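J.: Model the structure of this input:
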Amino acid sequence: MEAIFNMQASLLQLTKPSSFIARYRRDISACVRNCVDQKFSAAQECKQKVHETVKNIIGDCDKMAYVLDTYHGCRHEYRDVTLKKRVALEQDVDKELIEDSTTKPTNMFDEIQAKIEYAIQVLAKAISKYDHWFACKAILVGSAREDTKIGCCDEFDYNFVLTKLSSICKVCHSPESPPGYVQLKSLTPVYDENLKDLFDQNRILNTRIVKFKFETLAKQILSSAHFCDLTDFEFTDPSLDEELNVPTRNALAKLNAHIKLTFTKPVNEQYVPHSVSIDLVPALHINNWWPDDARRKEFCQTKDCLIVFTQPQTKYPWIGWTEPHGFISFARAESRLIHDCRRVVKAAYMVLKRMSKYFCRYQFFSSYVIKTALLWYLDEKNLLDYYRIPDGCNEVKGDELLCLVQNVLRQLLCFAAQDYVPDFFMPQRHQPVWLDENYLMQYHMRLYQHGLTYKDIFSLSKEQSHDEVLHDIKSTFTYSHVMYWSLLSDNDDLKLFVPSTINPLREISYDDSDK
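T.: Numbering: from 1, shown residues only. Predicted coordinates:
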């Protein structure tokens, strides 16, 4: 069944720009190089040449019509595929009944989400019953909560708040802790034998062990026949190395347990020809605690601040940490903000996710970075409240959608120019800009190691040309600008967004006062 749905990526692919870029890659690269050589103030003829080139990327299509078409193509229409393969085809059922049932309208996104929600609640209840120290409450976050999923209904994110462990811990800090990272300490001495391996001699919670135990317990329950019988899902573990049957290195470093569930029975009498990927993220919620340096608390509720289990070195590998940390997460608040926005805001978010992934062969920004840019733009322009006010009309208008997409793309490139993404609720905490950046400022550090600037990436030496990271830098820099420029009018200025830092390590700071 999975093979049937391999068409998903091709359905989301933006054919016009990707085809044009593939054919005229050298010309486009030359145009951008000329702009860079002019040091942000290209001569008029250079600007005109770039305008002519990017104008052809989306063809003769009006810009507003283009973003509307991109939005309307963001989601897979299940009836196009799933109705061709029915349960009734395997049974002796009257043909007229089959044909009649196919004409009934159905919302497969809602149906699939309801099935997943039930299965996850079954899992949370089973975990709580199996080990009371891991009693938990599952909370949906991410695109499924926001109603911004593109493609198929095949990805979900859940925070599992460990309520029992949360009640016995408090937040503390270490000199090693960068912004957004904290440690968790037992409120009292630990005497319970079942807890002693979770805390060290200083009563600090070992978040690595907690994550590992939660993941092991969750997968044990998911693998049981009882879970399959109750939920009509079959579990597979995509994190295991197929040959060695052991967790891969990347899986061990992540804050979540990544699982896959496959439907064993039809949904709405229709086969679902794909599995569902789910991220299970264990977290703690500490009562009556809130980070002092958080902003925009008015957009948060009391239980929105969670601590998930990931370590600082995944984002800051140049400094070593030995103590286990937790990462402050506002995923619940961010998802609710997007969910409560008008449809046009969600549409802009979906268009940007699709363009970032399918505009051409290169991928630019993660969904989280796009979401952060959207929230920052709305907030800085004092539009966040405006777009959250119910107006009685949820129509998506082309001019408003185009304006939002243009401005959020500009915000994304501003992030690229400053070489980091500030979190919306904790701006002093910085994240990598590009999807393929493994850690903060990785791209700029690689340029600095080679003694290069962004102007130099268009004329690499033979030795440098074998460096895949340098090629990634050139591609992301070039085509992210092209993607932005392709949505501008002929009269708009073709601004370049280039980091100005000479030595990125010297510029890294946890204090925003000097930015």
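
J.: okay but residue 486 is in contact with residue 16, surely?
T.: No. At 9.7 Å, residue 486 does not count as touching residue 16 under the criterion of Cβ atoms under 8 Å. The way it works is simple: take the backbone N, C-alpha and C, and place the C-beta from them, glycine included.

J.: out of those two, which sits in the more crowded spot?
T.: Legend: neighbour count by other Cβ atoms under 10 Å for residue 486 and residue 16, higher for residue 486 (23 against 18).

J.: What's the first helix or strand after the helix or strand of the chain at the bottom of the mean pLDDT ranking?
T.: Lowest by mean pLDDT, DSSP states H and E among the helices and strands of the chain is helix 95-102, with a mean of 38. Proceeding N to C from helix 95-102, the next assigned helix or strand is helix 108-130, under DSSP states H and E.

J.: hey, where'd the strands end up in the stretch 351-500 of the chain?
T.: Secondary structure of the stretch 351-500 of the chain by DSSP state E, counting those that start in this stretch: the strands cover 421-422, 430-431.

J.: now those in JSON lines, with mean pLDDT?
T.: Below are these laid out as JSON lines (pLDDT from 0 to 100):
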{"stretch": "strand 421-422", "mean pLDDT": "96"}
{"stretch": "strand 430-431", "mean pLDDT": "92"}
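
J.: wait, which of the ones you listed is closest to residue 283?
T.: Residue 283 lies closest to strand 430-431 among the strands of the stretch 351-500 of the chain, at 18.2 Å (Cβ to Cβ).

J.: about what we covered before: give the residues shared as contacts by residue 486 and residue 16.
T.: Common contacts of residue 486 and residue 16 (Cβ atoms under 8 Å, 6 or more residues apart in numbering): 57-58.

J.: domains of the chain?
T.: Structurally, the chain divides into domains by automatic domain parsing as follows: 108-330, 340-514.

J.: how about JSON lines for those, with distance to residue 51 added?
T.: Conversion of the domains of the chain to JSON lines gives the following (distance: least, Cβ to Cβ, whole Å):
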{"stretch": "domain 108-330", "distance to residue 51": "29"}
{"stretch": "domain 340-514", "distance to residue 51": "6"}
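
J.: which ones are touching residue 498?
T.: Contacts of residue 498 by Cβ under 8 Å, 6+ apart are 36, 40, 417, 454, 477.

J.: And for the first one, the neighbour number?
T.: The reference is to residue 36. Number of residues near residue 36 (other Cβ under 10 Å) recorded here: 21.

J.: Need phi/psi at residue 223.
T.: Main-chain torsions, residue 223, degrees, to the nearest 10: phi -80, psi -10.

J.: Quick check: it vs residue 212, distance?
T.: Residue 223 sits 16 Å away from residue 212, taking Cβ to Cβ, to the nearest Å as the criterion.

J.: between these two, who's got more neighbours?
T.: Per other Cβ under 10 Å, whichever of residue 223 and residue 212 has more neighbours is residue 212, with 16 against 13.

J.: low-confidence ranges in this structure?
T.: 1-11, 38-47, 60, 79-106, 240-256, 391-392, 501-515 (pLDDT under 70).

J.: okay, which residue is most central for it?
T.: Nearest to the mean C-alpha position of the chain, by Cα atoms, centre = their mean, lies residue 367 at 3.3 Å.

J.: looking at it, it is touching residue 353, isn't it?
T.: Yes. Taking contacts as Cβ under 8 Å, residue 367 lies within contact range of residue 353: 5.6 Å.

J.: Can you verify my assumption that residue 272 contacts residue 266?
T.: Yes. Using Cβ under 8 Å, residue 272 is in contact with residue 266, at 7.3 Å.

J.: The two - which one has more neighbours?
T.: A direct count of neighbours by other Cβ under 10 Å for residue 272 and residue 266 places residue 272 higher, at 25 against 15.

J.: Quick check on the more buried one: phi, psi?
T.: Taking degrees, to the nearest 10, you get phi -110, psi 100 for the backbone angles of residue 272.

J.: that older thread, for residue 68, which of the domains of the chain is the nearest?
T.: Closest approach to residue 68 among these is made by domain 340-514 (4.9 Å; Cβ to Cβ).

J.: what's the spacing between that closest one and its chain's center?
T.: On the basis of Cα atoms, centre = their mean, to the nearest Å, domain 340-514 sits 13 Å off its chain's mean C-alpha point.

J.: So which bits of stretch 301-317 are buried?
T.: Under the neighbour-count criterion of 16 or more other Cβ atoms under 10 Å, stretch 301-317 has 304-312, 315-316 buried.

J.: closest to residue 396 among these?
T.: Nearest member of the buried residues of stretch 301-317 to residue 396, counting by Cβ to Cβ, is residue 304, at 27.9 Å.

J.: The closest one contacts residue 330, correct?
T.: Yes. Look at residue 304 against residue 330 with Cβ under 8 Å: they come within range, at 6.0 Å.

J.: hang on, the earlier thing: got TSV for the contacts of residue 498, with distance to residue 179 too?
T.: Formatted as TSV, the contacts of residue 498 follow (distance: Cβ to Cβ, whole Å):
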residue	distance to residue 179
36	33
40	32
417	21
454	27
477	27
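
J.: Please spell out the ChimeraX selection for the buried subset of those residues.
T.: Applying 16+ other Cβ under 10 Å to these leaves a buried subset, and the ChimeraX line that selects it is:
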select :36,454,477
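
J.: Sort out which one of the contacts of residue 498 lies nearest residue 362 for me.
T.: Distances from residue 362 to the contacts of residue 498, taken by Cβ to Cβ, are shortest for residue 477, at 10.2 Å.

J.: What residues does the closest one make contact with?
T.: Shown in contact with residue 477 (Cβ under 8 Å, 6+ apart): 32, 416, 454, 457, 498.

J.: Show me the contact partners of stretch 108-116.
T.: 75, 78-79, 82, 144, 149, 153, 156, 231-233, 261, 263, 267-268, 270, 272, 276, 278.

J.: Name the nearest residue to residue 345, sequence neighbours excluded.
T.: Spatial nearest neighbour of residue 345, excluding adjacent residues (Cβ to Cβ, 6 or more residues apart in numbering): residue 387 at 4.9 Å.

J.: With residue 460 instead?
T.: Nearest non-adjacent residue to residue 460, counting by Cβ to Cβ, 6+ apart: residue 470, 6.1 Å away.

J.: Buried ones in the helix or strand residue 226 falls within, by neighbour count?
T.: According to DSSP H and E, residue 226 maps onto helix 225-231. Buried positions in helix 225-231, judged by neighbour count with 16+ other Cβ under 10 Å: 227-228, 231.

J.: Each with direction, which strands does the very next helix or strand once past that helix pair with?
T.: Using DSSP H and E, the helix or strand that follows helix 225-231 in sequence is strand 233-236. Strand 233-236 pairs in its sheet with strand 257-263 (antiparallel), by DSSP bridges.
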